[in-house]
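In: Take a look and give me a structure for this.
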Amino acid sequence: SHDKMAAASGSSFSMGLDTYKVPMEMHAENRKRLLSFFQDAPPKSVLLFKGGVQPTLYDTDHEPLFRQESNFQYLFGVHESDFFGYIEVGTGKSVLLCPRLPASYGTWMGEIMPPEYYRKHYEVDECFYADELPELMTKFAPDVIYTLKGKNTDSGNESVPATFPGIEKFNVDHAKLHPSIFEARVIKSAKELDLMRHINLVSSEAHIRVMQQVKPGMMEYQLESMFLHHCYFNHGCRHVAYTCICGSGHNASILHYGHAGAPNDKLIKDGDTLLLDMGCVYHGYTSDITCSFPANGKFTPEQKSIFNIVRLAQETVINQMAPGVSYPDMHQAAERVILGGLKDMGLLTGSVEDMMAAFLGAVFMPHGLGHFMGLDTHDVGGYPEGTERASRPGLANLRCGRVLKENMVLTVEPGLYFIDHLLDQALANPDQAKFLTPKIAEFRKFGGVRLEDDVVVRATAPAENMTKCPRTVEEIERVMAGGEWALAQGRVVGCKECSLCGHKN
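Out: Residues are numbered from 1 along each chain as shown. Below is the predicted model of the structure:
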């Protein structure tokens with residue numbers, strides 16, 4: 001339609017109304033950054049990429065909602081499936097290749113747009129049909145075609161390199177592109193940071209909405225539903241970065257609760273601690289925030305003590321994060337705070353350094369301190385080729401084993417959990433059992449507390465915290481009692497009277 005072509009001539013992506021506008025120039029900058037890794041490559045070569053393919057559900061014809069492959073999204077910002085793209089190394093020319101769709105597509109899926117539409121919409125230099133790729137490559141005759149092949153260190157999965165009929169006639173390099181684009185994605189541009197700040201505000205606001213409306217007697221999945229609705233209805237965020245984790249009571253000690261086998265389906269009881277780990281996505285970029293608080297809005301002395309230990313661990317790390325700092329060192333700094341706090345509570349006894357030597361930190365925080373953020377929740381680059389993952393308990397699960405650099409984005413998510421089988425293992429291990437006091441038994445059903453914020457490494461400490469949730473006992477209790485929360489300059493989250501909560505502001 002003419003309307004669609006007109007809309008496409010703009011230079012940004014948004015979901016309409018007053019939703020955030022992402023400039024397509026951001027992707028042009030990303031392409032330029034990637035090319036900086038290829039200054040020694042033959043000028044007459046190309047970087048070739050295959051976008052995501054629309055899957056079907058098992059053997060059915062149901063098409064799950066498509067999510068773009070992250071590297072393709074980084075470079076081109078394309079929301080449709082089954083595209084190819086390439087970049088000429090010498091000239092920087094960017095080319096998209098769209099699928100040649102059958103006429104029936106127009107009946108079932110909507111108007112078939114020509115290549116020129118995508119060229120304008122995504123602000124690339126040229127656009128052709130995907131079936132023209134062999135002819136284009138033969139005509140250009142590149143010295144090298146660089147394709148994306150390598151392993152993701154979080155999943156262990158291999159990326160599938162782009163191919164086309166006749167590619168075997170060319171000189172294809174599978175080695176250089178994968179580590180290069182992963183390293184390019186580690187350092188965020190100013191436009192990427194602005195987008196991620198916005199996404200963090202949206203997720204922070206949604207977390208606060210949940211905090212204002214939750215009460216004992218609800219089901220865990222109702223909190224997930226509130227979060228999803230707020231992000232999509234108000235801000236056009238159709239996707240979340242991962243399955244929402246809404247653990248109450250003992251479920252708060254299950255690190256990746258919320259999956260199909262444990263689908264946020266417990267009744268929330270008075271006295272439960274809630275652990276809510278949820279983050280929305282916009283234009284492919286993610287957020288990842290965890291809030292922990294009492295379901296009834298009032299901390300018990302035990303909840304307050306555990307919460308404040310985790311809060312101190314998080315603050316300790318954020319205040320030290322700067323270029324040159326080792327993230328594994330930050331993980332261990334968080335462990336020391338947690339173990340010291342448990343000792344102060346009387347749950348542990350002995351020297352904190354002796355506890356560290358016995359790997360006791362991993363009993364109470366078995367996951368890593370945090371991970372890179374960007375187009376994936378566990379974003380790429382945490383262990384570049386040649387970097388070894390530590391074998392030490394706790395550190396072995398850290399998804400970033402690097403020294404920090406300016407404009408890296410990471411989560412800082414210390415947690416303190418009482419996980420039965422880990423406590424049982426520790427009690428059966430004389431090297432660890434000697435530190436545990438009988439008082440531990442009183443916390444067996446406590447669950448856990450995690451506080452997770454998304455931060456940017458700045459030129460000097462502390463890191464910039466993009467997450468804007470209430471983070472003290474007093475702030476949380478005030479917001480849960482109906483108090484307003486200043487999310488950002490001129491942006492206040494008030495607790496409006498609604499069918500879900502009894503507050504009247």
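In: so where do the helices sit in the stretch 251-400 of the chain?
Out: Per DSSP state H, counting those that start in this stretch, the stretch 251-400 of the chain carries helices over the ranges 301-320, 327-345, 352-357, 361-364.
In: Now do the same contact list for Asp420.
Out: Asp420 is in contact with Arg444, counting by Cβ atoms under 8 Å, 6 or more residues apart in numbering. Any C-beta I mention is one placed from the backbone N, CA and C, and that applies to glycine too.
In: ok, so what distance separates it from Phe37?
Out: From Asp420 across to Phe37, the span is 48 Å (Cβ to Cβ, to the nearest Å).
In: wait, doesn't Ala390 sit right on Leu398?
Out: Yes. Between Ala390 and Leu398 there is a contact under Cβ atoms under 8 Å: 7.1 Å.
In: Spit out the residues that contact these two alike.
Out: Residues touching both Ala390 and Leu398 (Cβ under 8 Å, 6+ apart): Pro328.
In: ok, these two, which is more surrounded?
Out: Under the criterion of other Cβ atoms under 10 Å, the comparison of Ala390 against Leu398 puts Leu398 first, with 23 against 14.
In: what's the spacing between the more buried one and Ala358?
Out: Distance of Leu398 to Ala358, computed by Cβ to Cβ: 18 Å.
In: And for Phe84?
Out: From Phe84 across to Ala358, the span is 53 Å (Cβ to Cβ).
In: With Val317 instead?
Out: 22 Å.
In: and if you look at Met218?
Out: From Met218 to Ala358 the distance is 41 Å (Cβ to Cβ).
In: repeat for Asn157
Out: Remark: distance between Asn157 and Ala358 (Cβ to Cβ) = 34 Å.
In: again, but for Asn308
Out: Asn308 is 25 Å from Ala358, where distance means Cβ to Cβ.
In: Neighbour count: the two, which is higher?
Out: The residue with more neighbours, out of Asn308 and Ala358, is Ala358; 20 against 15, by other Cβ under 10 Å.
In: Spatially nearest residue to that one, not counting backbone neighbours?
Out: Leaving aside its sequence neighbours, Ala358 sits nearest to Asp431 (Cβ to Cβ, 6 or more residues apart in numbering; 4.9 Å).
In: what does Thr286 give?
Out: Nearest in space to Thr286, with sequence neighbours left out and distances taken as Cβ to Cβ, 6+ apart, is Ala241 at 3.8 Å.
In: How about the contacts made by the one you found?
Out: Counting by Cβ under 8 Å, 6+ apart, Ala241 touches Gly279, Cys280, Val281, Thr286, Ser287, Asp288, Thr377.
In: residue boundaries of the strands in the stretch 51-200 of the chain?
Out: 84-88, 94-98, 126-129, 144-147, 172-173 (DSSP state E, counting those that start in this stretch).
In: Glu29: which of those strands is closest?
Out: Nearest to Glu29, of all these, is strand 94-98, at 11.8 Å by Cβ to Cβ.
In: Next, give phi and psi for Asp454.
Out: Asp454 adopts backbone torsions of phi -100, psi 120, taken as degrees, to the nearest 10.
In: Provide the partner residues of it in its beta bridges.
Out: Beta bridges link Asp454 to Thr411, judged by DSSP bridges.
In: Make sure it is actually in contact with Glu413.
Out: No. With contacts counted by Cβ under 8 Å, Asp454 stays clear of Glu413, the gap being 9.3 Å.
In: Max pairwise distance over the contacts of Ala241: which two?
Out: Cys280 and Thr377 (11.1 Å).
In: rewinding a little: which neighbours do Asp454 and Glu413 share?
Out: Asp288.
In: For the protein, which helix or strand comes out least confident on mean pLDDT?
Out: helix 2-8 (a mean of 38; mean pLDDT, DSSP states H and E).
In: anything in contact with each of Cys280 and Thr377?
Out: Shared contacts of Cys280 and Thr377 (Cβ under 8 Å, 6+ apart): Ala241, Thr286.
In: between those two, which one's more packed in?
Out: For Cys280 versus Thr377, the count of surrounding residues by other Cβ under 10 Å is larger for Cys280: 27 against 19.
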